[in-house]
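Engineer: Fold the following, please.
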Amino acid sequence: MAPTATDAARRRRWRRYLADERAEGALYRELAERYTGEERDILLGLADAEQRHEQHWIALLGDDARAPGKASLGSRLLIVFARRFGSLFVLALAQRAEGRSPYDADADATDAMAADERIHGEVLRGLASRGRRRLAGSLRAAVFGINDGLVSNLALVLGVGATGLPPQTVLVTGIAGLLAGSLSMAAGEYVSVRSQRELLEASQPDPESQDALPDLDVDANELALVYRARGMSPEDARTHAAEVLASLHLDDAGDAAQAAADDDDGIGSAWGAALSSFLFFASGAFIPVIPYLAGAQGFVAVAIAAGAVGVVLLATGAIVGLLSGGALLRRAVRQLAIGLGAAAVTYLLGLLFGTTVG
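Structural biologist: Take a look at the predicted model:
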């Protein structure tokens, strides 16, 4: 008996699932090449799981499994991205893909396969979270700097342009805003990092205090006060101080000094932080100035500047949503609404001010 249209559609769906499982297995093996140790083993374990899923569809398809067809566009793109972009970016995309598995609603997939896909998403979330923690500080600085430059300079340019001043004046104002904001961000970041370093340095134990240990009055034991000042209870402080005096070695001070040094290393260079803040802000602040540099005037310049800034705001919001595992569209629209909303207020004020003056 010839297969019905429903049977043909089911087999096409099985072939697509088979192709997708093979593509996902290839993706995890591709990603595993970028890792070592435990993370590599985890990714290879995911690839083995996808191979088990392949066997389910091969068993259903029989001879048709020889020509499974192409995987979905999303699965193929993930492999391309894995070869060309950072692992965190691909892990975040793969996490979202696993979370949208169709097996929950497909009677031809087993419950175990559906459960596997949900767990795969959590495994990928765990792997991606390691990279997210490493990226969090630099991503925050980048997004904050670029968005600050975009919104503040767009607001400045639109507010001044709405008053009816000549385009040359708006251009000069925009460039001045770019430089002033970039320098202000750089100076603020430098002072912030330097201040944090100095506060930590002030909290480090004085190495010369070890020289005073042999001369301490054992009965009075001033060293116990040091440990109480660091948060120990009176009894613990006395016990620890007695041990230190017995060995004449300030272990805790050495440990604290090392810990403070480790914290200091995590802060980074003040000059590096200043330079990155300058560049992030400047790159965002430059975009609203572009139409005026190109000779655009009036509403055309305003529309181009707002449109260009809107595109970048959408992109940065989507990137944050992607890397955080959140909803891309919601993050992108939120970023757009906040940025253009602030610029719209200054534009309206500029129109009002221009009308009043006129």
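
Engineer: how about the helices of the stretch 251-358 of the chain, start to end?
Structural biologist: In the stretch 251-358 of the chain, the segments counted as helices under DSSP state H, counting those that start in this stretch are 251-267, 270-286, 290-293, 298-324, 328-357.

Engineer: Single out the most deeply packed of the ones you listed.
Structural biologist: helix 270-286 (a mean of 20; mean count of other C-beta atoms under 10 Å). All C-beta spots, glycine's among them, are computed from the backbone N, C-alpha and C.

Engineer: Okay, angle between it and helix 298-324 too, please.
Structural biologist: Here helix 270-286 runs at an angle of 130 degrees relative to helix 298-324 (axes from the mean of the first three to the mean of the last three C-alpha atoms, to 10 degrees).

Engineer: Now do A256, the pLDDT please.
Structural biologist: With respect to pLDDT, A256 scores 42.

Engineer: correction: A285
Structural biologist: 93.

Engineer: Reformat the helices of the stretch 251-358 of the chain into JSON lines and put distance to R40 next to each item.
Structural biologist: Putting those into JSON lines (distance: least, C-beta to C-beta, whole Å) gives the following:
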{"stretch": "helix 251-267", "distance to R40": "26"}
{"stretch": "helix 270-286", "distance to R40": "31"}
{"stretch": "helix 290-293", "distance to R40": "44"}
{"stretch": "helix 298-324", "distance to R40": "22"}
{"stretch": "helix 328-357", "distance to R40": "28"}
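
Engineer: Which of those helices sits closest to L31?
Structural biologist: Closest to L31 of those, according to C-beta to C-beta: helix 298-324, at 15.9 Å.

Engineer: what's that closest one packed up against?
Structural biologist: helix 87-99, helix 111-162, helix 167-203, helix 290-293, helix 328-357 (3 or more C-beta pairs under 8 Å, 6 or more residues apart in numbering; DSSP states H and E).

Engineer: winner for burial among those?
Structural biologist: helix 87-99 (a mean of 21).

Engineer: quick one: V309 from I175, how far?
Structural biologist: 16 Å (C-beta to C-beta, to the nearest Å).

Engineer: Could you work out which of the helices of the stretch 251-358 of the chain reaches nearest to I146?
Structural biologist: helix 270-286 (4.0 Å).

Engineer: so that closest one versus helix 167-203, what angle?
Structural biologist: Going by the same axes, to 10 degrees, helix 270-286 makes 160 degrees with helix 167-203.
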